[in-house]
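A.B. asks: got a structure for you, letters missing:
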């Protein structure tokens, strides 16, 4: 059984999509995932936004501003 990692990144080794699915099976899984996403957003939307914000924003402040250095 051959599989295609998705999304195609070097860190996606744990996520594998079977290559033998029919387009209808792939669509059914995509629809299920979309329904789950909507349910998660309805229940945890604000907490998910905060968690994402914390992942994206570094704990350190902005870099030091040195007016004489070119950007």
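C.D. replies: Noted; the coordinates are in hand. Since the model is a prediction, treat every value here as computed from it, not as a measurement. Residues are numbered from 1 along each chain as shown.
A.B. asks: helix, strand, or coil at the residue lying farthest from the centre of the chain?
C.D. replies: Here the chain reaches farthest from its C-alpha mean at residue 68, the gap being 39.2 Å by CA atoms, centre = their mean. Put simply, residue 68 is coil when judged by DSSP: H, G, I helix; E, B strand; the rest coil.
A.B. asks: can you check residue 60 too?
C.D. replies: Going by three-state DSSP: residue 60 is coil.
A.B. asks: tally of neighbours for it?
C.D. replies: For residue 60, the neighbour count with other CB atoms under 10 Å is 6. For the C-beta atoms, the positions are set from N, CA and C on the backbone; glycine is no exception.
A.B. asks: for residue 56, same thing?
C.D. replies: 7.
A.B. asks: show the pLDDT at it.
C.D. replies: Note on residue 56: pLDDT of 87.
A.B. asks: separation between the residue farthest from the centre of the chain and residue 40?
C.D. replies: Counting by CB to CB, to the nearest Å, the gap from residue 68 to residue 40 is 49 Å.
A.B. asks: strands of this protein, start to end?
C.D. replies: Ranges of strands in the chain, per DSSP state E, are 3-5, 16-18.
A.B. asks: weakest of those in terms of mean pLDDT?
C.D. replies: Minimum mean pLDDT among the strands of the chain: strand 3-5, a mean of 56.
A.B. asks: can you pull out the low-pLDDT segments for the protein?
C.D. replies: Applying pLDDT under 70 to the chain flags the ranges 1-13, 71.
A.B. asks: one more pass at 50, please.
C.D. replies: Counting by pLDDT under 50, the low-confidence segments of the chain come to 1.
A.B. asks: now the helices for it?
C.D. replies: Secondary structure of the chain (DSSP state H): helices located at 23-56.
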